[in-house]
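Trainee: Sequence and predicted model, in that order:
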Amino acid sequence: MKAAVYYETGSPDVFRYEDVPDPRPGPGELLVGIEAVSIEGGDTLNRLGGPMTAHPHIVGYQAAGTVLELGKGVEGFALGDRVVTVGLNGSHAEQRVVGTSFAWHLPDGLGMNDAACIPVPYGTAHDCLFEFGRLQPGETALIHAGAGGVGIAAIQMAKRAGARVLATASSDERLERLKPLGLDEGINYATGDFVAECRRLTDGRGADVIVDSVGGANLQGSLAALAYRGRCITVGDAGRSVGEPLDVSGLRGNNQSLTGVFLGGELFMGTRAHAMIADQIEAVASGALKVVIDRTFPLAEAAEAHRYIESRQAFGRVVLIP
């Protein structure tokens, strides 16, 4: 099969489009012919400097396609089933192998491109807002990186839950595009202080739930923007500035909390997250939630697709087509 591989981590230029051996499913696994790959933020971070589990390495969390072969003992799936899959790596290829706990059936009418974009960002957004953020109707949610995959999902979910929705983005134009998805008030972080603006928009109170996928200094600002008893969820380091000291001394006096969320841990630890993601897939299929795809690239142009994501031009997801 063909795959976008690399032999060392680094810039998008490390990608090579090559023939590699076809994977084979083991017991309890599915072999899936990939038809659409959603590039996740973690994919670019892994390519930049993450662990390499093989040589060459095939990066990538998330992809949708058709079941080509069943491993021994597989139940609940059949040849030809349309599925979306998640794995620690291996999505940037024509085929992948995954365990059944990391695959979901697709409803009729849900396209492969949209399906490929659902499990990680929509599952993450739901966990941030509700499982760990405990968002309630009438509360205010602040979503950072509103034009990204998790951001677009979280804005829609928070609005559906009856919350007032604030979000940050790098331009007024991007913020305007978020309003039809449920954004109430946008904050252009490139032209102003999001902490001060969040306080202004909430009459000094702050946000009840903040979803921070940026990390670094931005996370410190998020703590400063919390309301009394507010919950800040840290879910990534898209700002690339990791390991900065964080002052949490103000949390105790305001009965606030800071929680780290990693969807993969929830998927490995039980069935709750799998069922929750199935619900998000159904919500997209029914039209209750939307997937926003900025551009598609051929798998052979994985380097260009990663380069486009890192230019921060994308609004929504970038999809590779094998």
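Mentor: That came through fine.

Trainee: Just give the nearest non-adjacent residue to L175, would you?
Mentor: Take L175 and drop its neighbours on the chain: the residue closest to it by CB to CB, 6 or more residues apart in numbering is G186, 3.1 Å away. The way it works is simple: take the backbone N, C-alpha and C, and place the C-beta from them, glycine included.

Trainee: Mind checking what helix or strand follows the helix or strand hosting that neighbour in sequence?
Mentor: Using DSSP states H and E, G186 maps to strand 185-188. Per DSSP H and E, strand 185-188 leads on to helix 194-201 as the next helix or strand towards the C-terminus.

Trainee: Show residues contacting that next one.
Mentor: Contacts with helix 194-201, where a contact means CB atoms under 8 Å, 6 or more residues apart in numbering, come from L142, H144, L166, T168, E185, I187, R205, G206, A207, G221, A224, A225.

Trainee: Restricted to buried residues, select these in PyMOL.
Mentor: Of these, the buried ones go into a single PyMOL selection, burial set by 16 or more other CB atoms under 10 Å:
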select buried, resi 142+144+166+168+185+187+206+207+221+224+225
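
Trainee: Mind putting the contacts of helix 194-201 into JSON lines with pLDDT?
Mentor: Listed next are the contacts of helix 194-201 as JSON lines, based on pLDDT from 0 to 100:
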{"residue": "L142", "pLDDT": "98"}
{"residue": "H144", "pLDDT": "98"}
{"residue": "L166", "pLDDT": "98"}
{"residue": "T168", "pLDDT": "98"}
{"residue": "E185", "pLDDT": "98"}
{"residue": "I187", "pLDDT": "98"}
{"residue": "R205", "pLDDT": "98"}
{"residue": "G206", "pLDDT": "98"}
{"residue": "A207", "pLDDT": "98"}
{"residue": "G221", "pLDDT": "96"}
{"residue": "A224", "pLDDT": "97"}
{"residue": "A225", "pLDDT": "98"}
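
Trainee: from the contacts of helix 194-201, which ones fall inside helices?
Mentor: Using DSSP state H, the members of the contacts of helix 194-201 that fall within helices are G221, A224.

Trainee: tally of neighbours for the residue nearest to L175?
Mentor: Residues lying near G186 (other CB atoms under 10 Å) number 22.

Trainee: try L251
Mentor: 15.

Trainee: ok, the spatially most central residue of the chain to I143 distance?
Mentor: Centroid-nearest residue in the chain: P121, 2.8 Å away (criterion: CA atoms, centre = their mean). Distance of P121 to I143, given as CB to CB, to the nearest Å: 12 Å.

Trainee: again with Q220
Mentor: With CB to CB as the criterion, Q220 and I143 are 17 Å apart.

Trainee: the more surrounded of these two?
Mentor: Neighbour comparison, Q220 and I143: the larger count goes to I143, with 32 against 16 (by other CB under 10 Å).

Trainee: for the chain, what are the low-confidence residue spans?
Mentor: Scanning the chain for pLDDT under 70 picks out 239-243.

Trainee: And the helices in it?
Mentor: 41-49, 112-116, 119-126, 149-160, 172-178, 194-201, 217-224, 249-253, 263-269, 272-286, 302-310.

Trainee: Tell me which of those helices sits nearest to Y17.
Mentor: With CB to CB, the closest approach to Y17 among the helices of the chain belongs to helix 302-310: 7.2 Å.

Trainee: For that closest one, list every residue counted as buried.
Mentor: A302, A303, A305, H306, R307, Y308, I309, E310.

Trainee: List the contacts of that helix.
Mentor: 4, 12-15, 17, 39, 41, 43-44, 47, 92, 295, 297, 314, 318, 320.

Trainee: Outline the domain layout of this protein.
Mentor: According to automatic domain parsing, the chain is divided into the following domains: 2-117+291-321, 122-264.

Trainee: what's P56 in contact with, if anything?
Mentor: If a contact means CB under 8 Å, 6+ apart, then P56 has V5, Y6, Y7, R16, E18, V20 as its contacts.

Trainee: quick one: the residue nearest to L31 when sequence neighbours are not counted and E35, what's the gap?
Mentor: Among residues not flanking L31 along the chain, E69 sits closest, at 3.9 Å (CB to CB, 6+ apart). E69 is 16 Å from E35, where distance means CB to CB.

Trainee: cool, and L183?
Mentor: Using CB to CB, one gets 31 Å for the distance from L183 to E35.
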